[in-house]
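K.L.:
I need the structure of the sequence given here:
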Amino acid sequence: SITTSGTAKTRGWVERGIFVKNRLVSLSNLALTVVDYTDHENPKVVNELTLARNVVNAKPVAGDNLVELSSDFWQNDADHSELGVLPLAQAEENVTDATLASAPINGTSPSVFHDGDMSYIVSNVRKQVDCPEPQPGQYGPEYPNGEEAKCYAWTNEVQVVDTSNGGAKLRGKIALPDQGTSYYYNWGWGWGGCGMYDWYYGSDVVQVDGNKLVFRRWTPIYDTAGAYVDGQQSLFVVDASKPDALSVASTVVTRDKNGWWGNLRAVGDTLYASHYEWDVDSSYDTVTGVWSPGVVRYYLDQIDLSDASKPRIARKINVPGFLVGGSEDDPSLIYTMNYRWDGQRTTNELAVLKLSGDRAYLQGHVEIPGYTGNVFVSGSTAYLSAQDWESNGRSEVRLYQIDLSDPKDPALLSSEQAKGWGWLLAVEGDR
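P.N.:
Numbers count the residues shown, from 1 in each chain. I've put the predicted structure just below:
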């Protein structure tokens with residue numbers, strides 16, 4: 001009979017394995033690995049040569065260097081990632097080991113933010129915790145095949161790295177409160193930041209005023225029957241002004257359990273969030289079969305970070321839609337995008353607003369047909385893409401450029417439509 005034994009975890013997707021004497025040599029898309037399988041129940045990795053790194057984030061740092069972060073896409077190594085500093089001229093790594101310095105980073109899926117010679121690395125860190133007691137009809141604390149389930153709590157951790165003079169010196173670090181538990185086999189896939197629903201929710205981590213990182217947290221709570229009860233939602237601020245002694249504080253944007261908040265954005269050194277409040281609740285008439293979507297009002301929340309240990313909502317401003325950017329020359333001028341469906345077609349409207357105290361005054365606006373993606377503001381120009389549907393059900397996409405030099409008369413320029421699907425992901429210079 002054939003039975004399974006132990007498992008040795010290697011990096012990457014294994015493509016081939018051969019037996020060499022009393023060792024197993026494994027070749028993956030990331031590494032060449034040697035495994036000692038003398039103990040069939042507990043095979044061990046005894047040596048591993050990195051052939052390629054799964055680079056997940058790379059950004060230029062002060063000077064002529066680049067900070068590169070690599071992590072295991074397959075999550076076989078959920079323990080740590082690796083930070084490397086290399087010359088910007090060697091970004092393609094066409095030579096053998098161009099790395100000037102490196103350092104291990106706790107967790108996976110890291111991203112990097114720079115402030116001079118200081119780099120702030122945000123990673124997802126997990127720790128094993130006790131599994132929750134199963135409800136009737138649920139599996140746990142073991143799988144159907146009798147194996148013991150493993151449960152983990154996840155959180156974000158911020159690690160400061162001093163990259164001055166091409167180095168990679170670890171400084172202080174701090175972890176946010178745990179995000180909750182999940183069974184080991186729960187994980188996610190997919191692209192983010194492309195479509196309308198991605199920019200609608202906005203970024204979950206924003207850098208403000210150089211040495212502050214702001215996090216959005218929203219965790220749903222369900223009862224034993226699976227019904228939504230409430231959401232744990234907070235805005236967390238990590239203050240890295242003291243690189244060796246980081247601190248974290250939080251505030252609440254909205255306490256409405258049926259509300260929503262997000263879309264963190266910085267305009268200059270000012271942080272904003274967005275939230276909506278229900279004017280008329282959505283409803284469904286079981287007699288007539290008519291569903292009413294309800295009515296909401298959108299608000300812009302200006303966050304006061306003058307004392308990072310006590311973040312607070314300084315102003316709540318009613319605006320038409322969500323913040324998508326602001327003027328580089330006049331911080332009181334902001335741009336919002338509003339989505340509307342008239343029963344037949346989708347329209348978005350970009351508005352130019354001037355802030356004064358806790359009010360926003362409309363300066364000008366322009367309509368954009370279709371489903372808009374993320375908006376990129378550079379100088380006095382906004383760039384975006386929009387996807388729409390032809391009468392035959394096929395998708396089409398256009399690139400748009402909006403001239404915002406005259407706040408009272410924003411001018412819309414459009415490319416030729418192209419068949420297919422796609423979204424604008426970034427703007428760099430004139431590209």
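K.L.:
for the rest of this, base every contact and every neighbour count on C-alpha atoms.
P.N.:
OK.
K.L.:
just the C-alpha atoms of stretch 100-120, please, in PDB.
P.N.:
Provided in PDB are the C-alpha atoms of stretch 100-120 (Å, rounded to 0.1, in the frame of the first residue of the first chain):
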ATOM      1  CA  LEU A 100      24.900  46.000  -1.100                       C
ATOM      2  CA  ALA A 101      23.100  45.000   2.200                       C
ATOM      3  CA  SER A 102      20.200  42.900   3.300                       C
ATOM      4  CA  ALA A 103      18.100  42.300   6.300                       C
ATOM      5  CA  PRO A 104      15.300  39.800   7.300                       C
ATOM      6  CA  ILE A 105      11.800  41.300   7.800                       C
ATOM      7  CA  ASN A 106       9.100  39.500   9.800                       C
ATOM      8  CA  GLY A 107       6.000  38.300   7.900                       C
ATOM      9  CA  THR A 108       5.000  38.300   4.300                       C
ATOM     10  CA  SER A 109       3.600  40.600   1.600                       C
ATOM     11  CA  PRO A 110       5.800  43.600   2.600                       C
ATOM     12  CA  SER A 111       5.400  47.100   1.300                       C
ATOM     13  CA  VAL A 112       7.900  50.000   1.700                       C
ATOM     14  CA  PHE A 113       7.600  53.700   2.500                       C
ATOM     15  CA  HIS A 114      10.600  56.100   2.500                       C
ATOM     16  CA  ASP A 115      11.400  59.200   4.600                       C
ATOM     17  CA  GLY A 116      14.900  60.200   3.700                       C
ATOM     18  CA  ASP A 117      17.300  57.500   4.800                       C
ATOM     19  CA  MET A 118      14.600  55.800   6.800                       C
ATOM     20  CA  SER A 119      12.500  53.100   5.200                       C
ATOM     21  CA  TYR A 120       9.300  51.900   6.900                       C
END
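K.L.:
helix, strand or coil for P331?
P.N.:
With DSSP: H, G, I helix; E, B strand; the rest coil as the basis, P331 sits in coil.
K.L.:
next, give phi and psi for it.
P.N.:
When read as degrees, to the nearest 10, the backbone of P331 gives phi -60, psi -10.
K.L.:
repeat for S71
P.N.:
With angles defined as degrees, to the nearest 10, S71 sits at phi -150, psi 160.
K.L.:
so who does it touch?
P.N.:
Applying Cα atoms under 8 Å, 6 or more residues apart in numbering, we find S71 in contact with R53, N54, V55, V56, H80, S81, E82, T108, S109, P110.
K.L.:
what's opposite the residue lying closest to it once chain neighbours are set aside in the beta bridge?
P.N.:
Once flanking residues are discounted, S71 sits nearest to S81: 4.7 Å by Cα to Cα, 6 or more residues apart in numbering. Under the criterion DSSP bridges, S81 forms beta bridges with I105.
K.L.:
burial measure for S81, as a count.
P.N.:
By the criterion of other Cα atoms under 10 Å, S81 has 23 neighbours.
K.L.:
rebuild the contacts of S71 as a markdown table, extending it with pLDDT and distance to T381.
P.N.:
Below are the contacts of S71 laid out as a markdown table (pLDDT from 0 to 100; distance: Cα to Cα, whole Å):
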| residue | pLDDT | distance to T381 |
| --- | --- | --- |
| R53 | 72 | 37 |
| N54 | 77 | 35 |
| V55 | 82 | 32 |
| V56 | 81 | 29 |
| H80 | 84 | 40 |
| S81 | 89 | 38 |
| E82 | 89 | 37 |
| T108 | 86 | 36 |
| S109 | 85 | 32 |
| P110 | 89 | 31 |
